[in-house]
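A.B. asks: predicted model, plus sequence, below.
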Amino acid sequence: MTEKENATRNREVENIIKNVKDWRGDKMSQARNIILEADPDIVEEVKWKKPSNPAGVPVWSHNGIICMGNILKNAVRLTFPKGSMINDPEGIFNTRLDSKTVRGVDYLKDSKIDQNALKELVKEAAKVNLLKPPAGKRK
């Protein structure tokens, strides 16, 4: 792992993933690696710690949130808050399709992660975030 790659990885996210000892931890780790490879300027952090989820939620951002990862009972979910604005030519969004803004990808135990398709979603999400005007310049 290069110094740049190491700098983008957050220890809290690492711990969240390591504490899941089944296929979901492996799947989240795989998704995380793809997300971090997709954009060298991504910031990885943990948000939304609360009593019902003291570890918090892994979040990947670049000029705004790109996506967040949730380890559910039967799936690993990547949620893209601006998913409706993201081009998804491979059609990997498979949840939250009825939302006006949010889209998600649920990976089940036997799901394969399409590395290229996920990388493209992440890149598209970063592009959408970069379209918004800087703070203080909004009308």
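C.D. replies: Sure, I can see it. Being a predicted model, the structure only gives us computed values, none of them experimental.
A.B. asks: following the helix-or-strand element of the chain with minimal mean pLDDT, which helix or strand comes up?
C.D. replies: Lowest mean confidence among the helices and strands of the chain (mean pLDDT, DSSP states H and E): helix 3-8, at a mean of 48. Moving toward the C-terminus from helix 3-8, the next helix or strand (DSSP states H and E) is helix 11-18.
A.B. asks: list the contacts of that next one.
C.D. replies: With contact meaning C-beta atoms under 8 Å, 6 or more residues apart in numbering, helix 11-18 is reached by 25, 28, 29, 32, 44, 45, 46, 55, 56, 58, 71. C-beta here means a position set from N, CA and C on the backbone, and glycine is covered the same way.
A.B. asks: quick one: residue 129 is in a helix?
C.D. replies: Yes. Looking at residue 129 with DSSP: H, G, I helix; E, B strand; the rest coil, it is inside a helix.
A.B. asks: tell me the confidence at residue 9?
C.D. replies: pLDDT, residue 9: 84.
A.B. asks: which parts of the protein are helices?
C.D. replies: 3-8, 11-18, 23-38, 115-131 (DSSP state H).
A.B. asks: so where's this structure shaky on pLDDT?
C.D. replies: Judged by pLDDT under 70, the chain has its weakly predicted residues at 1-8, 132-139.
A.B. asks: report the beta-bridge partner residues of the residue positioned nearest the centre of it.
C.D. replies: Central residue of the chain (C-alpha atoms, centre = their mean): residue 67, 3.5 Å from the mean position. Legend: beta-bridge partners of residue 67 under DSSP bridges are residue 60.
A.B. asks: that one contacts residue 124, doesn't it?
C.D. replies: No. Using C-beta atoms under 8 Å, residue 67 makes no contact with residue 124, being 11.0 Å away.
A.B. asks: pretty sure residue 77 contacts residue 106?
C.D. replies: Yes. The pair residue 77 / residue 106 is scored as a contact, 5.1 Å apart, by C-beta under 8 Å.
A.B. asks: name the residues contacting each of these two.
C.D. replies: Here residue 77 and residue 106 have residue 95 as joint contacts, going by C-beta under 8 Å, 6+ apart.
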